[in-house]
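Engineer: pasting the sequence and the predicted model now:
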Amino acid sequence: MPDHWHGLIELGEGEALPALMRHFKSNVSRRLRLRHPNMGALWGKSFHDRALRADEAAMAAARYIVMNPVRAGLVGRVGEYPFWDAVWV
């Protein structure tokens, strides 16, 4: 998506979501700035999360996420969007 990121993340034992998101945002920003040195701020200061408890909920969330580019009109069908991947779909 051009203005936000959705993802499904499974935290390991002892991992904390805020720390993981700091690392994720930092790594993505670093790599993008190598290609686009004059790029401004990339991420907001916070993030929104939602805990999923059952495998069925994970599958529904994955399907929702991969359909975002279609709903946004970026592609006509899911397979045309090059930046997605999900084991649940």
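Structural biologist: Yes, it's here. None of these values were measured; they are calculated from a predicted model.
Engineer: what about Phe83, which SS state?
Structural biologist: With DSSP: H, G, I helix; E, B strand; the rest coil as the basis, Phe83 sits in coil.
Engineer: for the lengthiest helix in the chain, which residues meet the burial criterion?
Structural biologist: The longest helix of the chain (DSSP state H) is helix 17-35. Applying a neighbour-count criterion of 16 or more other Cβ atoms under 10 Å, the buried positions in helix 17-35 are Met21, Phe24, Lys25. Quick note: C-beta positions are derived from backbone N, CA and C, even for glycine.
Engineer: mean confidence for it?
Structural biologist: Averaged across helix 17-35, the pLDDT comes to 93.
Engineer: what's the average pLDDT for the helix or strand following it?
Structural biologist: Later in the chain than helix 17-35, the nearest helix or strand by DSSP states H and E is helix 55-71. The pLDDT scores in helix 55-71 average 87.
Engineer: for helix 55-71, output the C-alpha coordinates as CSV.
Structural biologist: Only the C-alpha atoms of helix 55-71 are listed here, as CSV (Å, rounded to 0.1, in the frame of the first residue of the first chain):
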residue,chain,number,x,y,z
ASP,A,55,-6.0,-19.8,13.4
GLU,A,56,-9.3,-18.9,11.7
ALA,A,57,-8.9,-15.3,12.7
ALA,A,58,-5.4,-15.3,11.2
MET,A,59,-6.7,-16.6,7.9
ALA,A,60,-9.5,-14.0,7.8
ALA,A,61,-6.9,-11.2,8.6
ALA,A,62,-4.5,-12.5,6.0
ARG,A,63,-7.3,-12.5,3.3
TYR,A,64,-8.3,-8.9,4.4
ILE,A,65,-4.7,-7.7,4.1
VAL,A,66,-4.0,-9.2,0.7
MET,A,67,-7.2,-7.7,-0.7
ASN,A,68,-6.2,-4.2,0.3
PRO,A,69,-4.5,-3.3,-3.0
VAL,A,70,-7.6,-4.5,-4.9
ARG,A,71,-9.9,-2.5,-2.7
